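Student: Need a 3D model of the sequence below.
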Amino acid sequence: MPSNTGDTDTISDLKNKRSGDDHNPTPSAYAISDKERAIINAAREIFLENGFDGASMDTIAITAGVSKRTVYNRFQSKEKLFAATIEETCKRILPVSVDTLDISEPIEKVVRVLAEKILRGLLQPDVISLRRIATFEAGRKPEVGQSFLEHGLHFMLNSSADMLGKVAEANNLKIDDTYTAVCQLGALLTEPLYSEMLFGAVPQDLDAAVEKQLAGALKMFWNAYGDGRFGLEPSAFQ
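Tutor: I've put the predicted structure just below:
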């Protein structure tokens, strides 16, 4: 029973509707209501328990303590609620936004802190599980896969590129294409650890695996983008 109220679907859209601003906000540029947060938290719980197909809007409404009509008024469809769930999860992973980023510290320290928090966030069990759901559904329902890309991967990359650009400018470091730089850093940060955990191979010492991944990724990243400023020893970035 989709609503005809015109209420929007994703978190960003909800904020844009309130503010009258139609540009894409940064992760901290939107705020959701307590009711919207309750719906999204309930949706995450039900999606993780039952998968996408097994999750019903009735069960999500009951879990959130709201009416089914309220769920549809806020998010319109299960697909759009899944998108909002992904986006809110990414907001939780990103520790700051471009607006709140502290650029007073040296760039190598800022990038390392951000990289570690993002990597550890991506490796959280519920985040891994949401990725599995989206991947499974993408073959049967391409719109679910596209939603994950738009509100998950692309959201993270665009936000991170904005932050890298800000801190690079503050440190007089020229990076011509921050989006490509972030994509490359993301690949260096996550693989092969992320794919291994995606398929259930969790290392015995996860902290050690994360530190090894970070050290290698940052060494290669600054070798490519550090403009000769930084040493190549991994210890320089810890």
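Student: And the pLDDT for Cys90?
Tutor: pLDDT for Cys90: 89.
Student: so who does the residue nearest the centre of the chain touch?
Tutor: Nearest residue to the geometric centre of the chain (C-alpha atoms, centre = their mean): Cys90, 2.5 Å. Cys90 sits next to Pro27, His151, Gly152, Phe155, Met156, Ser159 when contact means C-beta atoms under 8 Å, 6 or more residues apart in numbering. For the C-beta atoms, the positions are set from N, CA and C on the backbone; glycine is no exception.
Student: among those residues, which are in helices?
Tutor: Phe155, Met156, Ser159 (DSSP state H).
Student: which one of those residues sits closest to Arg131?
Tutor: Met156 (11.9 Å; C-beta to C-beta).
Student: Which SSE is immediately downstream of the helix or strand encompassing Tyr72?
Tutor: Applying DSSP states H and E as the criterion places Tyr72 in helix 68-75. Note on helix 68-75: by DSSP H and E, the next helix or strand toward the C-terminus is helix 78-93.
Student: Please export the C-alpha coordinates of the helix or strand just after that following helix as CSV.
Tutor: As assigned by DSSP H and E, the chain's next helix or strand after helix 78-93 is helix 107-122. Extracted in CSV, the C-alpha atoms of helix 107-122 (Å, rounded to 0.1, in the frame of the first residue of the first chain):
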residue,chain,number,x,y,z
ILE,A,107,47.5,14.5,6.6
GLU,A,108,49.1,11.1,7.0
LYS,A,109,47.6,10.8,10.5
VAL,A,110,44.1,12.0,9.3
VAL,A,111,44.1,9.5,6.4
ARG,A,112,45.3,6.6,8.6
VAL,A,113,42.6,7.2,11.3
LEU,A,114,39.9,7.5,8.6
ALA,A,115,41.1,4.4,6.8
GLU,A,116,41.2,2.3,9.9
LYS,A,117,37.7,3.3,11.0
ILE,A,118,36.3,2.7,7.5
LEU,A,119,38.0,-0.7,7.2
ARG,A,120,36.9,-1.9,10.6
GLY,A,121,33.4,-0.7,9.8
LEU,A,122,33.2,-2.6,6.6
